[in-house]
Each structure stands twice: as C-alpha cells, then as structure tokens.
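**Q** Here's my sequence, what's the structure:
(chains A and B)
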Amino acid sequence: MSKPIYIYNTLSRKKELFQPINPPFVGLYVCGPTVYGDGHLGHARPAITFDVLFRLLKHYDFKVRYVRNITDVGHLEHDADEGEDKIAKKARLEQLEPMEVVQFYTERYHKNMEDLNVLSPSIEPRASGHIIEQLKMIDQIMDNGFAYESNGSIYFDVEAYNKKHHYGKLSGRNIDDLLNTTRQLDGQEEKRNSFDFALWKKANPEHIMRWPSKYSDGFPGWHMECSAMSTKYLGQEFDIHGGGMDLQFPHHECEIAQSTAAHGSESVKYWMHNNMITINGQKMGKSLGNFITLNEFFEGSHKLLDQAYNPMTVRFFILQAHYRSTVDFSNEALQAAEKGLSRLLSAYETLQKIKPSEQSDVDVKTLNNKCYEAINDDLNTPIVIAHLFEGVKMINTLSDGKAQINTDDLAILQSTFKTFIFEILGLKAPENDIQNDLTDQLMRILIDARQEAKDKKDWATADAIRDKLSALGVQLKDGKNGVEWSI
RNA sequence: GGUCUCGUGGCCGAGUGGCUAGGCAGCGGUCUGCAAAACCGUGUACAGCGGUUCGAAUCCGCUCGAGACCUCCA
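**A** Next up, the predicted model:
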C-alpha cells in the first residue's frame, strides 16, 4: 500500500508531494528534549506528531531511520547565570553530577514516551557523545570563512554567510530586521554582530561541563549538536527535519546556516513544525511556568487538573487537532477526548464480534480510502478520526442487525480500524493490570450473587452489591451478553 | 516596534468559493426492576463592517480581539 503523501514544508509554506531523496530510504530528524526537567504536554506534541509520521512511513514500507536527539549539554541560559549551561546549573542546585541529572530525566522521559505509546527512534544520540563531530563541523565552517574566533569562543559570521546565502529563509526574516530587533545579550562584546551565534563557547572556570579543544576548554554552541548529529547519521542531505514551531527561529535557521556553511549545500528537503499547546489561550512553556508535566497528567496531581488522564487520552486529545494548529488545554476537552476514545475502542471490540452475511449494504471501501486520503494530506489526524467515527456508526448499526456486511467487506473494515487506530495513530487499549484472572473470578462471584438476588426480585440486595462496588470505583454494566465490569 | 498566525454552534476542533466534518455536553428515544453503561436520533455555527462574485465561513480591504516569533523553550 503506497499512496502519495503530501506534507507542509515550512521552507516553501506549501504542501508538497513527499518524494524521498533515496527511496525507499527516508531520513527523519526531530529535535528531542533537553533533559534537565520532567517532560510536559508540550514535549508530547512533537513526539506524537512525528511518531505518527514515522508509523505512516513504515506502514508504506519506507526504510526509515528516525533520529531524535537527547540534548544533555549546550543550551545556554541568558538570565543572571551569564551563559551557564542549563544542565550544569540544575546539577549545581541539586548537588549532583550533570550526567546524573541527565540520566534521571532521560529515563523519566523514556517512561513518558512509552506510556504515550511513542515508538523509540532508530537512533537517539546525545549531544555530549558527539563533541568531536561538532568540533569537526566547526572546523569546516571556520575553513570556509563563515566563523571567527574571539577570546577562545567561535562565532558564526552571519553577515559573511548572508552575502552568499539567505540567512532567515526558513522563518521569513532578513538580516536588516535582525539588526534592529536583537536584544543585548551576554558575550555580545565578543561578537562582530549581535545576530552572530556561538558555535563554541569558552567555559568559565566554574563551568562544570567542558571539553578540551584547540580553541579553548569549553562547550559547543546551542545549535551545533543537531547539525553535527543529523549529518553523522543521516548524511549531508536528508529528507525531513521536524520540531516545534518555537524552534524555527533561531534554532533551525542556525542549523540551516551551519550545514550550508560547512558543506556548501542545504541539508534538509522538508522542514516540518508542529504548533504549540496553549493553556487558557497562552503558550505552555517552561519559561512561563504554566506547564503541566506528563507525570502530573497521568497522576492527576496538578491543581489545574480535575482528574488523572490516561496517556492514551492525552495522545488522542493531541491527535484530535491537526499538528499545525494550536491546541488549547482544558479539563472539558480532555474529558471529551476520554469518552470519545473509549467509544472508538469499544466499537473496535464490537467489530470483532460481527458475523458476516451474504450481502453488504455498507460502503467500507470508501471509508478506507477516505482515511488514507486524510492521513496522506499532511497528517490530517482529526479527519482520520472523524472518518473512524463514521465507521463506529457503521459497526453499531451492523451490531444492531440493522445492516449487513459480507466477508470481504468485514475484512476491509476490520483491517481499516486496526491499521488506523493502532498501527498509524498508535493508540492502544488502556491496560487494566488490576483486572487479572483472580480479580475477575472474585468479581464473577459477586456478580453471580447479585444475579441470584435479582432472580428473586430482591432488589435491595442486588442494588446494595452494585452500590458498594460503585463506592470502590468498580462499575457494573448490565449488557445483553451478560454483566461486564470495569474500574 | 518588526515579522507572522488565528478568531467556527455550550466546549474542543476540521474544512476553506456552492454539496452545511467529527467528538463531548444538552435534548428526545431504545434497552433495563430501577439506575448506570451502551446504542439510535437531534443543532444550518463560522468576530464586526464593507467589497469582489450568480453565490463567501471560505477571496480582498478595514475595524475589533487573541496569540506566536524576534531571548532558553516542544
């Protein structure tokens, strides 16, 4: 199954037909987290968006190498810390080794991703493990005359670069705008121009994370890692680079400049950017202090949360919006997503029980096509979900015996649901680990006891059992095919 | 200040020149001893004002409002 995929390329600001540089291989690079704190809802968005892309490409049998980095060094802070490394700062605060912090938060990030059913990337390189590659790339940029040394630090010469290439092409800026709008920052006096950015930074004596180099004892600039690691694992030219919209400028703009300056040609064919998650209409972000961590979502432990939300609810919530739109958080919206997902999944279970007939009066082929059309149209997951709900209606009608379906169509319907819900959207049925065999058998005893009471029309006893279970958070559902229970 | 995006029914959220996504809530119903759950049915909304057009939520202009980037950020 291979159909044309269209993706929105930030470079051209248009949807473009996706054509890999070297089919069937696809190189995909996505900016991963800086591991100095717990992941929040904002981290879930790109992870899930590009997870869906990864899954879709694999579904179409592309050979995908998906690289998502872990930033464990290099992002400077510009507050009172005078360029102290983020990781180093956190380490000092907690009296830990920097790599201890990195280890701790990396593992928590991985756990979050697993909970969200986000597939592991093919390679998850760390910035700290690629200092040599970064230094090599800095050498190339220096050799090509697009960088200069100043007091042991190396800066990218934006002006020199802009004479031959367009600095700002991704974010729609030009160098004149930047001259007027760039703020005074630390280390400015070392730069020729305010918009120049660091490739290598000489470390202050108290700076913990540092590596020796011919320039100085220091650490790489904040954009180098992605350029160096994408080149190493995907080559000088690769297909797709993704990340949050907030990284468009300056991070991705600098990446383009660095790669072009080092290799003489552009590195990325398609740039994709997911939009932000907002909370009360405002961006949710680390610096704004209004973020909710994923762990808090899963535990319901944040004051803005009415309840705990299953990771699949969060995933479904995010997929119900298109990745290039902002999505506004609210308990109401999350609860709506929770119910919608559960309806979708229970229809999937119903689908497994449907028996085929001789003839078919449902159009499953169109449904299947519409799902593919939607996902191929720049990952339009909300439309896919809308179509799946049409399928839900279809399934329930069949289940009620109000329509018929033949063997072939049933197979198509089942495969459509399976493919889209689980394989491409990456949803999964929530696990009930409490619902093991023993518990189920104990529950059966109670359910049977209640049934006996009901048979005797002893409603008081029957209701008492139901109410007491309900108080423990166990719901009984009287269905046509017997009594089901859930927590 | 510069660059840019957006404003859709009670809530969330697609669409983007005519054929009025979808989910949740609400309402009506089916089922049930009752309830819950489940299922079915049900809503012509597109910030305001002008313009283009046979026809605009969709294109253009203005007004109002919200937000993003320009600084670490997903």
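**Q** what about residue A:138, which helix or strand?
**A** helix A:131-143 (DSSP states H and E).
**Q** Give me the buried positions along that helix.
**A** Using 16 or more other CB atoms under 10 Å as the test for burial, helix A:131-143 gives A:131, A:133-135, A:137-142. Using the backbone N, CA and C atoms, a C-beta is placed for each residue, glycine as well.
**Q** what's whichever residue of the stretch 1-150 of chain A sits closest to RNA strand B sitting at in phi/psi?
**A** Using CB to the nearest atom of the strand, the closest approach of the stretch 1-150 of chain A to RNA strand B is made by residue A:42 at 2.5 Å. Note on residue A:42: its backbone torsions stand at phi -60, psi -30 [degrees, to the nearest 10].
**Q** Could you report the neighbour count for it?
**A** 23 (other CB atoms under 10 Å).
**Q** ok, it touching residue A:287?
**A** No - with contact defined as CB atoms under 8 Å, residue A:42 does not reach residue A:287; the gap is 11.3 Å.
**Q** Listing partners with orientation, what would you give for whichever helix or strand comes after the helix holding residue A:138?
**A** Using DSSP H and E, the helix or strand that directly follows helix A:131-143 along the chain is strand A:147-150. Sheet pairing of strand A:147-150 (DSSP bridges) gives strand A:153-156 (antiparallel).
**Q** Is residue A:324 in contact with residue A:9, as I believe?
**A** No - the criterion here is CB under 8 Å, and residue A:324 misses it with residue A:9 at 11.6 Å.
**Q** Neighbour count: the two, which is higher?
**A** For residue A:324 versus residue A:9, neighbours defined as other CB under 10 Å are more numerous around residue A:9 (19 against 16).
**Q** got any ranges where chain A has weak pLDDT?
**A** Under the criterion pLDDT under 70, the flagged ranges of chain A are A:1-2, A:74-84, A:94, A:180-188, A:430-436, A:480-481, A:487.
**Q** Could you report the neighbour count for the residue of it found nearest RNA strand B?
**A** Nearest residue of chain A to RNA strand B: residue A:244, at 1.8 Å (CB to the nearest atom of the strand). Residue A:244: 21 surrounding residues under other CB under 10 Å.
**Q** Backbone dihedrals for it, both of them.
**A** Main-chain torsions, residue A:244, degrees, to the nearest 10: phi -70, psi 150.
**Q** in the stretch 251-400 of chain A, which spans are strands?
**A** For the stretch 251-400 of chain A, the strands defined by DSSP state E, counting those that start in this stretch cover A:268-274, A:277-279, A:282-283, A:327-329.
**Q** Tabulate the ones you listed (a markdown table), appending distance to residue A:68 and mean neighbour count.
**A** Below are the strands of the stretch 251-400 of chain A laid out as a markdown table (distance: least, CB to CB, whole Å; neighbours: other CB atoms under 10 Å):
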| stretch | distance to residue A:68 | mean neighbour count |
| --- | --- | --- |
| strand A:268-274 | 13 | 22 |
| strand A:277-279 | 19 | 20 |
| strand A:282-283 | 22 | 14 |
| strand A:327-329 | 21 | 18 |
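**Q** Look at residue A:242 and give its secondary structure.
**A** At residue A:242 the chain is in strand, as set by DSSP: H, G, I helix; E, B strand; the rest coil.
**Q** That one contacts residue A:32, doesn't it?
**A** No - counting by CB under 8 Å, residue A:242 does not reach residue A:32; the two are 10.5 Å apart.
**Q** excluding its backbone neighbours, what's nearest residue A:20?
**A** Closest residue to residue A:20 apart from its sequence neighbours, by CB to CB, 6 or more residues apart in numbering: residue A:26 at 4.9 Å.
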